[in-house]
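J.: Sharing a model prediction with you, sequence too.
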Amino acid sequence: FGVKAGMTLFDADFNGFQYSDASPDPAFANNIHQFFPNVGVGTYFFGEHYYIGLSAPNLLRTKHLEHHDAISTIGVEEIHYFLTGGYVFDLNERLKFKPAFMAKGVNGAPLSLDVTANMLFNNFFELGVGYRHDDSVSGLVNFYITPTLRLGYSYDYTLTNLSKYNSGTHEIFVLYDLGSSSGKGKGYDKSPRFF
């Protein structure tokens with residue numbers, strides 16, 4: 001179980017904007033500088049081959065409201081809820097299947113669901129695919145350089161109308177596991193997310 005607290009700085013500096021319209025939108029006439037409190041909670045359970053978690057990273061519904069010369073602008077941060085889980089299936093000594101999911105719910109928006117399926121070969125090479133409902137597909141590959149260091153590549157292709165304007169995103173990543181670098185091994189629980 002976890003709890004977090006913090007502050008969010010909402011800072012919009014409109015100075016220097018160049019507008020194509022001779023009379024720009026008056027909502028952009030003044031800069032905005034505001035602080036908002038942030039409180040979140042979450043719970044996470046895991047075992048040798050599974051994990052599941054539920055969280056709400058920001059429990060405070062925040063309104064960004066500005067009034068300037070009889071003009072009001074408003075933006076609202078709704079509470080987001082996340083449910084995530086995964087399992088590691090040992091298919092044989094050299095092959096593991098790692099399906100996982102993440103669902104996100106927020107008031108006023110459709111439920112978002114991500115599902116992934118990765119195959120781990122010889123605890124060295126991982127190949128996977130992912131799907132975000134009505135949004136995108138992705139593929140990834142990564143290599144375990146050492147037990148604590150991974151290097152990988154992923155590609156994400158948008159299935160929505162945005163695909164007319166971009167050809168997908170490429171990502172190169174390096175993952176380093178700080179928790180197991182001490183080499184002690186005592187009292188260290190490795191989350192199945194990292195198997």
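T.: Received the coordinates, thanks. Bear in mind the structure is a predicted one, so any value in this text is a computation, not a measurement. Numbering: from 1, shown residues only.

J.: Contacts only, for Tyr44.
T.: By Cβ atoms under 8 Å, 6 or more residues apart in numbering, the residues touching Tyr44 are Phe1, Gly2, Tyr51, Ile52, Gly53, Ser55. Placement of C-beta: from N, CA and C, glycine included.

J.: Can you select the buried ones from the residues you listed in ChimeraX?
T.: Filtering these down to the buried ones (16 or more other Cβ atoms under 10 Å) takes a single ChimeraX command:
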select :51,53,55
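
J.: got any ranges where this structure has weak pLDDT?
T.: For the chain, applying pLDDT under 70 flags the ranges 16-19, 22-30, 63-75, 179-195.

J.: Swap in 90 and give it another go.
T.: 1, 7-38, 48, 58-79, 107-109, 123, 147-148, 162-167, 177-195 (pLDDT under 90).

J.: Next, the buried residues of the helix or strand where Tyr44 lies.
T.: Taking DSSP states H and E as the definition, Tyr44 sits inside strand 32-46. Neighbour counts using 16+ other Cβ under 10 Å place Ile32, Asn38, Gly40, Phe46 of strand 32-46 among the buried residues.

J.: Show the contacting residues for the nearest residue to the third one once chain neighbours are set aside.
T.: Going back to what we said before, that points to Gly40. In this structure, Gly40 finds its nearest non-sequential neighbour in Pro57, 4.1 Å apart by Cβ to Cβ, 6 or more residues apart in numbering. Neighbour list for Pro57: Lys4, Gly40, Gly42, His80, Phe82 [criterion: Cβ under 8 Å, 6+ apart].

J.: Could I get these in CSV, plus columns for distance to Asn122?
T.: Putting these into CSV (distance: Cβ to Cβ, whole Å) gives the following:
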residue, distance to Asn122
Lys4, 38
Gly40, 38
Gly42, 34
His80, 38
Phe82, 32
